[in-house]
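Asker: this one's structure only:
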């Protein structure tokens, strides 16, 4: 119950703010925070995840819907609701088909980079509300151009309101809790109350706006918000609209799912609980469908709201159901008071909230760790900033998959020799090892498949050109987890070529599943050499004859 | 010189036939067989590859160009020439950027399946010329529908001509050589002359057509073919047209390159020569540009023509230059004689030629070998037959990459134990091995990267739930060729979780490059366990304390 009250207080400003970010009327933010919470509570596997509008998904909604309708128009609202429906159905289908593994294709650096770049775009997109100027833009150049061209039209009262709200919120993050503690509150209570900073700002600026006639001074206010609960209805099914939104809905679904699952996993791990990704897809799908039928927009599990829920002591999904009831009450009773709320206040809460998403450190960490992670991060951040969120996340996914594939097309291979006194073989270039002139031992550090089959061929042909007395090539297959048909054909070609030159091809330490596959073909019958259980046995046997071979 | 004469005689009917297949006037087939041969001879690394119009690329050209212009119109010709230019430039750029490795993404089963399915479509697309009926279609259903609806309009004389030509050509494959040998020719000479079957058919049906007034009997003839050499000119640069053709040009370039390189490799291997894929890209690019400036259409290295060139004894690219001269002579002198040539004859030569491309056996081989190769082949064949060549080849590429990635997201892992009396560890489920109650040894048979990082986490958490007395988890990293940032974060999470439960995480047999990457982070400092050079040492050390650890 306590968790529900605290989450409700925190969700109200967040819901209003993310509706603004998505370019939608404030009440839709509240609507998206009622039924979706109940739907997730019924189907989700996380006990503490809090579902609703979140920053990145709201931005992606604005970008996608902005392509098919004018911001502020009725069509725009219809498209946003349809987006929640399409995304919800996609998530449901993916969950039923057990496509939870798909989230794995977004690597951690790509997700960090994407969220950081989105945070920058979100913050910049809100600056115009702080300045009280018109403008729009889906990427960094558009936003900067739009801001600079209207800078002269700034409204002073709006700017002062927004700046004051931002300063207070930034200060509240670190300064409010100690102040409340000094005022006699317990550390826990002070920590909770400090989270209500946005509510205080909303109250203060709404009162100031009412008392100081901000409307007359040209400050943009939230204005009329319909009182009451959303009416339930099926979103419009317009095939042309749905197909226009489909690709964006897929991206929103994937990003929403990845964000939600990573939050859910983090929280579950703290209490030794587990979440099931496929069931999470179903639950998020249900939440989005629920959002769509109650005039909301795409939702997902949010980090900050879930953390608050968790810290406030939520133990079961009942906390979310109570929070939904709280928001419903707010929609019934509080909406008239929102008339005087300046949009600049909401923009300030968004800007302060997204600064916690920024993690530019990830670029340095990736640079230190590996060049391909670095390329993926920089590409994702660059593409998101310059081309917008949709192309940004696509660039990130495609770049990580291609970089991974590219690496496997040129696998690491090492000529190995025995470490004296052991049965172990190591790279001749890194260790002081024993080799034999009539044998080349080659360890292939990758599965053999179509993408690297011809590289292996070329590598071995170059290798044998360098060895005069060669009689045996032994492939140490410890790291070969698969040999597909293309690679098998390459091995047959290699065997044939080596045999012509009087060299035998041998294999060692072939794994069970690979051996099973090879046994189904006639490759082993025709192989010029043999297959050895261990590389040590292979070398002992091929180097001199007195040791009995230990062949599988 | 001999090779050049034989290749010339064989190329003339082939060039005319593939121009028909591409929906282009016969002379364009000849034009595409002059300058491209010279360009390839200058830049290529294969000494015997013969470049010109080939079946699959001609079909792909017809499909692509058919989407932007009406077959037979002037625009259609312009687009086909532009296609050669775009494809040539793409190949040149890919060669300069050293993108030869790209060909690796087409696995052997996918290529076999694609060529087989294309062969079926090509053969079916020519049946209408044999029947003398109108019709068109880019895929199996369209072709069958088109054929069945016009079947009643068949022209008897056309049908007889086409059927006779087909029967003779099928017979000539196996029956002509023995007959010529019995007539007193040497085996070599008889084999060469038997390859001239298509020329004999063309001569015979042209004479019959002239003598029997086939034109008056409603037989479609090749008709007027301009005499002389092509005039050189730059193809039209129309940005709208070029961007419409770009995707198709990319597919044609890739398929053409893969086909050409596989032919080139096969021939080079027979004489212990090597070809360089990147230089091949440049050479094929130059050949296509040469085709475009001389009013030809897309070309590549063909299998049958190159085999003939090779068998006829071509040793150097000079054979190709002489063949180009031969075709140029034919264009200058022989074209008036082509007026009476029935199109049905050319269709018959195409049908007989493509039957040698069909390899439906590949489906069974893939089924026997592995389920993922099977899925890739069936998808490629199915998509090519039902959706056409472009979507077919795309489906094949995407399916093989996704199947490969899917496999790596659920890597094979094995709990291992020591084989008595050795230092070797094997799967506990496959071998009779020694294990210890306080240790779980887990061999991970895949590189650890973003796509399988969370699978590893889940696997280890399930594993430790099953072991009560556990003190140590040892990851045997023999098959781990890479640990990327996402996987490193997963390992950190695993280490943290295990430590909370009083279990240490140890690594063994970590490879040099992986160790280098890990050393750059603070992972090894914080690791609850240790890193061991061999798994044997790790188990000996962690099982009892008297043995000195042998830690890297």
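Answerer: Here it is on my side, so go on. Owing to the predicted nature of the structure, the values given are computational and were not obtained by experimental measurement.

Asker: Report pLDDT for the residue of the stretch 51-200 of chain A found nearest chain B.
Answerer: Nearest to chain B, among the residues of the stretch 51-200 of chain A, is residue A:107, at 3.2 Å (C-beta to the nearest C-beta). To be clear about C-beta, it is placed using only N, CA and C from the backbone, and glycine gets the same treatment. Confidence at residue A:107, expressed as pLDDT, is 80.

Asker: nearest residue to it other than its sequence neighbours?
Answerer: Residue nearest to residue A:107 in three dimensions, not counting chain neighbours: residue B:450, with 3.2 Å by C-beta to C-beta, 6 or more residues apart in numbering or on different chains.

Asker: Over to residue A:210?
Answerer: Using C-beta to C-beta, 6+ apart, the nearest residue to residue A:210 is residue A:340, at 4.4 Å.

Asker: What residues does the stretch 301-450 of chain A have near chain B?
Answerer: A:365-366, A:368-370, A:372-373, A:400-401, A:404-407, A:409-412, A:414, A:422-424, A:427, A:430, A:445-447, A:449-450 (C-beta under 8 Å from any C-beta of the partner chain).

Asker: again, only using 7 Å
Answerer: Within the stretch 301-450 of chain A, the positions adjacent to chain B are A:366, A:368-370, A:373, A:400-401, A:404-405, A:407, A:409, A:411-412, A:423-424, A:427, A:430, A:445-446, A:449-450 by C-beta under 7 Å from any C-beta of the partner chain.

Asker: what do you get for the stretch 1-150 of chain A?
Answerer: So the stretch 1-150 of chain A meets chain B at A:101, A:104-105, A:107-109 (C-beta under 7 Å from any C-beta).

Asker: can I assume residue A:473 sits in a strand?
Answerer: Yes - when DSSP: H, G, I helix; E, B strand; the rest coil is applied, residue A:473 is found to be in a strand.

Asker: got a list of what residue A:2 touches?
Answerer: Contacts for residue A:2 (C-beta atoms under 7 Å, 6 or more residues apart in numbering or on different chains) come out as A:312-313.

Asker: Which PyMOL command selects the buried ones in the residues of the stretch 301-450 of chain A next to chain B?
Answerer: Buried residues among those (16 or more other C-beta atoms under 10 Å in any protein chain shown), as a PyMOL selection:
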select buried, chain A and resi 366+369+370+373+400+401+404+405+407+409+411+412+423+424+427+445+446+449+450
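
Asker: Which ones among the residues of the stretch 301-450 of chain A next to chain B lie within strands?
Answerer: residue A:427 (DSSP state E).

Asker: among the residues of the stretch 301-450 of chain A next to chain B, which are in helices?
Answerer: A:366, A:368-369, A:373, A:400-401, A:404-405, A:407, A:409 (DSSP state H).

Asker: Go through those residues and say which is closest to residue B:361.
Answerer: Closest approach between those and residue B:361, by C-beta to C-beta: residue A:409, at 27.8 Å.

Asker: quick one, phi/psi of the nearest residue to that closest one once chain neighbours are set aside?
Answerer: Closest residue to residue A:409 apart from its sequence neighbours, by C-beta to C-beta, 6+ apart: residue A:451 at 4.6 Å. Per-residue torsions, residue A:451: phi -80, psi -20 (degrees, to the nearest 10).

Asker: Residue A:451 touches residue A:408, doesn't it?
Answerer: Yes - the criterion here is C-beta atoms under 7 Å, and residue A:451 meets it with residue A:408 at 5.9 Å.

Asker: higher neighbour count, these two?
Answerer: The residue with more neighbours, out of residue A:451 and residue A:408, is residue A:451; 29 against 23, by other C-beta atoms under 10 Å in any protein chain shown.

Asker: Tell me which residues touch the more buried one, please.
Answerer: If you count contacts by C-beta under 7 Å, 6+ apart, residue A:451 has them with A:405, A:408-409, B:104-105.

Asker: can you list the weak-confidence ranges in the stretch 1-150 of chain A?
Answerer: A:1, A:3 (pLDDT under 70).

Asker: Do a quick rundown of the helices in it.
Answerer: A:2-21, A:26-31, A:35-43, A:55-66, A:74-96, A:108-131, A:140-150 (DSSP state H, counting those that start in this stretch).

Asker: Okay, angle between the fifth one and helix A:35-43 too, please.
Answerer: Regarding helix A:74-96 and helix A:35-43, their directions subtend 10 degrees when assessed with axes from the mean of the first three to the mean of the last three C-alpha atoms, to 10 degrees.

Asker: Any stretches of the stretch 451-552 of chain A with poor pLDDT?
Answerer: Using pLDDT under 70, the stretch 451-552 of chain A drops low at A:544-552.

Asker: how about the residues of it near chain B?
Answerer: A:451-452, A:454, A:478-479, A:481-482, A:484-486, A:489, A:511-513, A:517, A:520-521, A:534.

Asker: Domain boundaries for chain A, per the record?
Answerer: A:2-401, A:413-543 (automatic domain parsing).

Asker: centre of the chain versus the first one, how much separation?
Answerer: This points to domain A:2-401. 15 Å (C-alpha atoms, centre = their mean, to the nearest Å).

Asker: What is the end-to-end distance of that domain?
Answerer: Using C-alpha to C-alpha, to the nearest Å, the end-to-end distance of domain A:2-401 comes out at 45 Å.

Asker: now swap in stretch A:49-56 and tell me
Answerer: End-to-end for stretch A:49-56, by C-alpha to C-alpha: 17 Å.

Asker: which residues are contacting that stretch?
Answerer: A:7, A:11, A:15, A:18-19, A:21, A:29, A:32-33, A:36-37, A:40, A:115, A:118, A:122, A:255, A:259-260, A:263-264, A:267, A:287, A:297, A:299-302, A:305-306, A:309, A:320, A:350, A:353-354, A:357.

Asker: Which among the residues you listed count as buried?
Answerer: A:7, A:11, A:15, A:18-19, A:21, A:29, A:32-33, A:36-37, A:40, A:115, A:118, A:122, A:255, A:259-260, A:263-264, A:267, A:287, A:297, A:299-302, A:305-306, A:309, A:320, A:350, A:353-354, A:357.

Asker: Next, the contact list for whatever residue of the stretch 351-500 of chain A ends up closest to chain B, please.
Answerer: Across the stretch 351-500 of chain A, no residue is closer to chain B than residue A:450, which sits at 3.2 Å (C-beta to the nearest C-beta). Residues near residue A:450 by C-beta under 7 Å, 6+ apart: A:484, A:486, B:104, B:107-108, B:400.

Asker: Now for the residues you listed, which sits with the most neighbours around it?
Answerer: residue B:107 (31 neighbours).

Asker: my guess is it meets residue A:489, correct?
Answerer: No - Residue B:107 lies out of contact with residue A:489 (C-beta under 7 Å); the separation is 9.7 Å.

Asker: contacting residues around the residue nearest to residue A:210?
Answerer: A:206, A:209-210, A:221.

Asker: That concludes my questions; thank you for your assistance.
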